[in-house]
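[1] below are the sequence and a predicted model for it; my questions follow.
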Amino acid sequence: MRSATTAMIALLDSNQFRMADLYTITLDTGDLFYYADYDADLTISGNLFISDNLQISRSGIRTVAGIEVDTLSVEV
């Protein structure tokens, strides 16, 4: 189990915390596309992440301790 600061626990308990998966897709041409798995478009660091254009799903994150690498699968 991971530990959390008192401030993080208070934020999570406040029901004001929102979570969104943000995806940046870069083509070989250099074109960038921004997508969000959220119920509205989001602007983060000046980039508009579109929420309703592309269906993206991901698996749960598998986190381990030690020298093993965390894993995540994304399906477009």
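    Nice, I can see it.

[2] spit out the contact partners of the residue nearest the centre of the chain.
    If you average the C-alpha coordinates of the chain and look for the closest C-alpha using CA atoms, centre = their mean, you land on residue 21, 2.5 Å from that point. Contacts of residue 21 were listed using CB atoms under 8 Å, 6 or more residues apart in numbering, and they are 36, 37, 38, 56, 58. Backbone N, C-alpha and C define where each C-beta goes, glycine included.

[3] now do the SS call for the residue of the chain most remote from its centre.
    In the chain, residue 29 marks the outermost C-alpha relative to the chain mean, sitting 24.2 Å out by CA atoms, centre = their mean. When the structure is split into helix, strand and coil by DSSP: H, G, I helix; E, B strand; the rest coil, residue 29 lands in coil.

[4] how about residue 64?
    Going by three-state DSSP, the secondary structure assigned to residue 64 is coil.

[5] you'd agree residue 10 is in a helix?
    Yes - per three-state DSSP, residue 10 lies within a helix segment.

[6] roughly how far apart are the residue nearest to the centre of the chain and residue 3?
    For residue 21, the distance to residue 3 (CB to CB, to the nearest Å) stands at 24 Å.

[7] out of the contacts of residue 21, which is most surrounded?
    residue 36 (22 neighbours; other CB atoms under 10 Å).

[8] which residues touch it?
    Contact criterion CB under 8 Å, 6+ apart gives 20, 21, 22, 23, 42, 49, 50, 51 as the residues in contact with residue 36.

[9] who's it bridged to?
    According to DSSP bridges, the residues that bridge with residue 36 are residue 22.

[10] distance of the closest residue in space to residue 44 that isn't next to it in sequence relative to residue 67?
    The spatial neighbour of residue 44 that comes closest, neighbours along the chain excluded (CB to CB, 6 or more residues apart in numbering), is residue 22 at 6.4 Å. For residue 22, the distance to residue 67 (CB to CB) stands at 28 Å.

[11] more neighbours: these two, which one.
    With neighbours defined as other CB under 10 Å, residue 22 and residue 67 compare such that residue 22 has more, 14 against 5.
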